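**Q** Please work out how this folds:
(chains A and B)
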Amino acid sequence: SQKIEQNSEALNIQEGKTATLTCNYTNYSPAYLQWYRQDPGRGPVFLLLIRENEKEKRKERLKVTFDTTLKQSLFHITASQPADSATYLCALEASNYQLIWGAGTKLIIKP
Amino acid sequence: GAVVSQHPSWVICKSGTSVKIECRSLDFQATTMFWYRQFPKQSLMLMATSNEGSKATYEQGVEKDKFLINHASLTLSTLTVTSAHPEDSSFYICSADQRGTLAGVPDTQYFGPGTRLTVL
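**A** Numbers count the residues shown, from 1 in each chain, chains lettered A, B, ... in the order given. Predicted coordinates for the structure are as follows:
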């Protein structure tokens, strides 16, 4: 069955450093992959989408890579700030415009 | 743009009562809306896909008679939890699909802020 894995352990990063989060998937070949941010008690907020034919996508301090051979996406936040602390979810397209979700990785940026 | 609202943001009810949650797309028309539930520290679990003017498509294991979904217009979908029980306590989130205008452009889901349901 299709499976998405994100590191379930919280990631602690010092402010100003680059945070890197990983999303691995199996038994699937998605046309695109999305990253969302979710704050406690709130719905997810869309951040970036990367297509299968794109190796890298950037948006301000965010960078996403997509390696369809490794079946992996990396999400980077450069010059991290405490305000970047949140849970980050990756999602893959399934049929009928549905998304399959990872459980998310909690990122903590320490001042 | 692409704002989705949910109401209420939280609700506490007694076991056996019904609760209605509204999901609205405020500045765009959403052909498709999705309803999710999320338990603490777990991923979003899709409950159903709702298309305007037609019956919702429920995921396996989701009771359609318990979780009634009405998508009456392109900007409003409602989820009614009927005869709620404590095990229905969860965080319910809706999302609206802003369909791409160009062929081959992936769609993006915009999420509401969620509704925290607590059944006593």
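**Q** Summarise which helices and strands the helix or strand of chain B with the lowest mean pLDDT is packed against.
**A** Using mean pLDDT, DSSP states H and E, the weakest-scoring helix or strand in chain B turns out to be strand B:108-111, at a mean of 82. When contacts are defined as 3 or more CB pairs under 8 Å, 6 or more residues apart in numbering or on different chains; DSSP states H and E, strand B:108-111 packs onto strand A:45-51, strand B:90-98. Every C-beta, even on glycine, is put in place using the N, C-alpha and C of the backbone.
**Q** Highest mean neighbour count out of those?
**A** Comparing the helices and strands packed on strand B:108-111 by mean neighbour count (mean count of other CB atoms under 10 Å in any protein chain shown), strand B:90-98 comes out on top with a mean of 25.
**Q** can you give me the angle that strand makes with strand A:45-51?
**A** If you take axes from the mean of the first three to the mean of the last three CA atoms, to 10 degrees, strand B:90-98 sits at 50 degrees to strand A:45-51.
**Q** which residues touch strand B:90-98?
**A** Outside strand B:90-98, the residues within contact range by CB atoms under 8 Å, 6 or more residues apart in numbering or on different chains are A:41, A:43-44, A:97, B:2, B:4, B:6, B:21, B:23, B:25, B:28, B:30-39, B:44, B:77, B:79, B:81, B:107-112, B:114-117.
**Q** from the residues you listed, which ones fall inside strands?
**A** Among the contacts of strand B:90-98, the members falling in strands (DSSP state E) are B:4, B:6, B:21, B:23, B:25, B:32-38, B:77, B:79, B:81, B:108-111, B:115-117.
**Q** Would you write a ChimeraX line that selects the buried entries of those?
**A** ChimeraX command restricting the ones in strands among the contacts of strand B:90-98 to the buried ones, with burial defined by 16 or more other CB atoms under 10 Å in any protein chain shown:
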select /B:4,6,21,23,25,32,33,34,35,36,37,38,77,79,81,108,109,110,111,115,117
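**Q** circling back to that earlier point, gap between the least confident helix or strand of chain B and the chain center?
**A** Here the centre of strand B:108-111 is set off from its chain's centre by 12 Å, with CA atoms, centre = their mean, to the nearest Å.
**Q** Let me see the contact set for the residue of chain B at minimum distance from chain A.
**A** Nearest residue of chain B to chain A: B:F111, at 3.4 Å (CB to the nearest CB). By CB under 8 Å, 6+ apart, the residues touching B:F111 are A:Y36, A:G43, A:P44, A:V45, A:F46, B:V4, B:I93, B:C94, B:S95.
**Q** Quickly note the distance from it to A:Y36.
**A** 8 Å (CB to CB, to the nearest Å).
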